[in-house]
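Engineer: What follows is a predicted structure for the sequence shown.
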Amino acid sequence: MAKQLEEHNDSNVQTPNQNNSHLQERPPVPENDAPVAARNATIFVLPLAALISTVLLHLIFEEVYGGAYEEFIGDVAVLVGLILAVFIWLGFARYYQRFTTAASASRRNYNGLRERLSQLQNRTKYAGPRGYEQGEKSQPGILAGRQQAKAYAEEQCKEIREGLERQGTSWTTGLGYIELWHRVHRAEEALVRVEPHIEALTGATRDESRLVNATMENRESLLKRLRCAVAMLDDSGTDKYLSYVEESEKCPLSTEERTTPDSRAKALGILSEVRYEINHFRDNVWEGIVHARNRLAHTSVVLGVASYTLLALAIFADASNAVIIWVVTYFLVGAIIGLFARAQGEWNANTAVDDFGLSTARLTHTPWLSGLAAVGGVLVASILDSQLLNNSPDASTLEAVFNESPSLLIVAAVFGLTPDLIIRRLTQQVDKYKEDLESTQSSQSEEDVHVSESGKRYQTRRQAG
């Protein structure tokens, strides 16, 4: 352990900048790209509006101009429906621009960031040499390291304050909140080196409780380092520790060695590094949730485009109104059944941890996937029934496949349930993310939320194992 303390000598002064390298390497974010952000966030409206408008226009044109312009009705319906959908999407995107700010995209994260920024600014303002031992003030290297850490924390506070005023894609995707939470954590880690020892010990209490049930691979190593650092900062005596580390291994350094300014500066560096490891683990999990949500949202748009493409092909193939009506009916039956099954799963889902809109993206994704599965199921069932059972030569026509049959409604409903099995795999992965977050929660932390019942069951299984 003494060797570990020596490794955290002067290099600890530069750690905040090293920890923040992933933030510094990111390309600059535009001040205001609200129009682009709004269009990207509402792109799901385009295939939906195109699908609805094209079907309605085709039915209307067929009813009004069916006799004279029957050859051009389908082409005109697809073209006009697509143009109308583009205008609807752009109008909706223009209205949605007001929701591309940090305060509107996720009010919960915005309020949390504002609260933490206020705390950081107050802590940074009063952080300084007051409260340090006289021996520490006479060490130029220690004072220089603390001045650098304080300046770094002030810089992060400035970036957070300016970031919350931006407007654009970073908020609609959730990545802007992740970046600012990174900066909050880097500032807090820097302040561990600046504030008095009693403040560092208070933070170490929360960090120790986070590590006890954490799923981090280096949990035991971090606990040993944290407890030794606490023993060096604790003034309760040679063999006495704070209550929450009474069962830990004793620090190998003597009382005189622990109380030297250099050793205590190293101990603060260790506490800062432990805090960084915990925050880095949690930040990576949050990023995983946000990326899963964004990928699912993009998939929903692709499925919408695929659905509209199939409809357009059917219209170009001169499908009758009856075929289009039944295709839409089977699609809606599958979409409704799939949406109901997904909604039932969301009602029982763990809501203790914010998922940055992932549950909403799953609900948006389900109707498209279930509707396409229902239409595909009807297609397969009709062909098999016509060729294998009835040996009908007309099985290849759209009228023969999508006909008026109550049994096909049952087929559409059954196939509409199948996509929920795929989505459950994603849900299991997200639940693992949430369990990782809950495993590093502390009831004393202002950032954390209450552990849900699923998290408690997970911790119980882990402790029993």
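Structural biologist: It's in.

Engineer: CA atoms for contacts and neighbours, from now on please.
Structural biologist: Noted.

Engineer: you'd agree residue 441 is in a helix?
Structural biologist: No. Assignment of residue 441 by DSSP: H, G, I helix; E, B strand; the rest coil gives coil, placing it outside any helix.

Engineer: Run through this structure and note the low-pLDDT ranges.
Structural biologist: 1-32, 66-70, 128-141, 235-259, 345-354, 385-404, 421-431, 433, 442-465 (pLDDT under 70).

Engineer: quick check: longest helix of it.
Structural biologist: Ranked by residue count, the top helix of the chain under DSSP state H comes out as helix 261-316.

Engineer: For residue 215, pull up the helix or strand it's in.
Structural biologist: Assigning secondary structure by DSSP states H and E places residue 215 outside every helix and strand.

Engineer: got the contact list for it?
Structural biologist: By Cα atoms under 8 Å, 6 or more residues apart in numbering, the contact list for residue 215 reads 436, 439, 440.

Engineer: again, only using 7 Å
Structural biologist: 436, 439 (Cα atoms under 7 Å, 6 or more residues apart in numbering).

Engineer: and the longest helix of the chain, what other elements does it pack with?
Structural biologist: Under the contact criterion of 3 or more Cα pairs under 7 Å, 6 or more residues apart in numbering; DSSP states H and E, helix 261-316 touches helix 45-65, helix 70-96, helix 175-191, helix 219-233, helix 358-384, helix 419-439.

Engineer: just so I know, which of those lies nearest residue 274?
Structural biologist: helix 219-233 (6.2 Å; Cα to Cα).

Engineer: Now do the buried residues in the closest one.
Structural biologist: The neighbour-count criterion (16 or more other Cα atoms under 10 Å) identifies 219, 222-233 as the buried residues of helix 219-233.

Engineer: Dump the residues you listed into CSV; add distance to residue 208 as well.
Structural biologist: Output for the buried residues of helix 219-233, formatted as CSV (distance: Cα to Cα, whole Å):
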residue, distance to residue 208
219, 10
222, 9
223, 7
224, 10
225, 10
226, 7
227, 8
228, 12
229, 12
230, 10
231, 13
232, 15
233, 15
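
Engineer: Now residue 166, what are its backbone angles?
Structural biologist: phi -70, psi 160 (degrees, to the nearest 10).

Engineer: Could you check stretch 365-384 and say which residues are buried?
Structural biologist: Going by 16+ other Cα under 10 Å, stretch 365-384 has these buried residues: 365-379, 381-383.

Engineer: any residues touching that stretch, and which ones?
Structural biologist: 296, 300, 303-304, 307, 327, 330-332, 334-336, 338-339, 395, 401, 408, 411-413, 415-417, 419.

Engineer: Using PyMOL, make a named selection holding only the buried ones among those residues.
Structural biologist: Selection command for PyMOL covering only the buried members of these, criterion 16+ other Cα under 10 Å:
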select buried, resi 296+300+303+304+307+327+330+331+332+334+335+336+338+339+395+401+408+411+412+413+415+416+417+419
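
Engineer: Okay, domains of this structure per the record?
Structural biologist: 2-30+101-287, 319-464 (automatic domain parsing).

Engineer: Check the spacing between residue 35 and residue 100 real quick.
Structural biologist: 9 Å (Cα to Cα, to the nearest Å).

Engineer: what do you get for residue 322?
Structural biologist: 42 Å.

Engineer: Ok, residue 154 next?
Structural biologist: Taking Cα to Cα, one finds residue 154 at 27 Å from residue 100.

Engineer: circling back to that earlier point, name the residues contacting each of residue 35 and residue 100.
Structural biologist: Common neighbours of residue 35 and residue 100 (Cα under 7 Å, 6+ apart) do not exist.

Engineer: okay, now residue 194: neighbour count?
Structural biologist: 30 (other Cα atoms under 10 Å).

Engineer: Surely it and residue 127 touch.
Structural biologist: Yes. Residue 194 is in contact with residue 127 according to Cα atoms under 7 Å; the separation is 6.1 Å.

Engineer: wait, is residue 217 part of a helix?
Structural biologist: No. Looking at residue 217 with three-state DSSP, it is coil, so not inside a helix.

Engineer: With residue 277 as the reference, measure out to it.
Structural biologist: From residue 217 to residue 277 the distance is 11 Å (Cα to Cα).

Engineer: When these two are compared, which one has more neighbours?
Structural biologist: The neighbour comparison of residue 217 against residue 277 (other Cα under 10 Å) goes to residue 277, with 17 against 8.

Engineer: how about residue 35, what does it touch?
Structural biologist: By Cα under 7 Å, 6+ apart, the neighbours of residue 35 are 94, 97.

Engineer: What strand or helix carries it?
Structural biologist: helix 34-41.

Engineer: Backbone torsions only: list them for residue 418.
Structural biologist: phi -60, psi -40.

Engineer: residues near it, how many?
Structural biologist: By other Cα under 10 Å, neighbour count at residue 418 equals 17.

Engineer: Can you report how many residues neighbour residue 309?
Structural biologist: 15.

Engineer: An error on my part: the question was meant for residue 115.
Structural biologist: For residue 115, using other Cα under 10 Å, the count is 13.

Engineer: now do residue 95
Structural biologist: With other Cα under 10 Å as criterion, residue 95 counts 12.

Engineer: Ok, residue 102 next?
Structural biologist: 25.

Engineer: when you give positions from now on, start the count at 58
Structural biologist: With 58 as the first residue, the last one maps to residue 159.

Engineer: State the distance from it to residue 418.
Structural biologist: 19 Å.

Engineer: Also residue 373?
Structural biologist: 32 Å.
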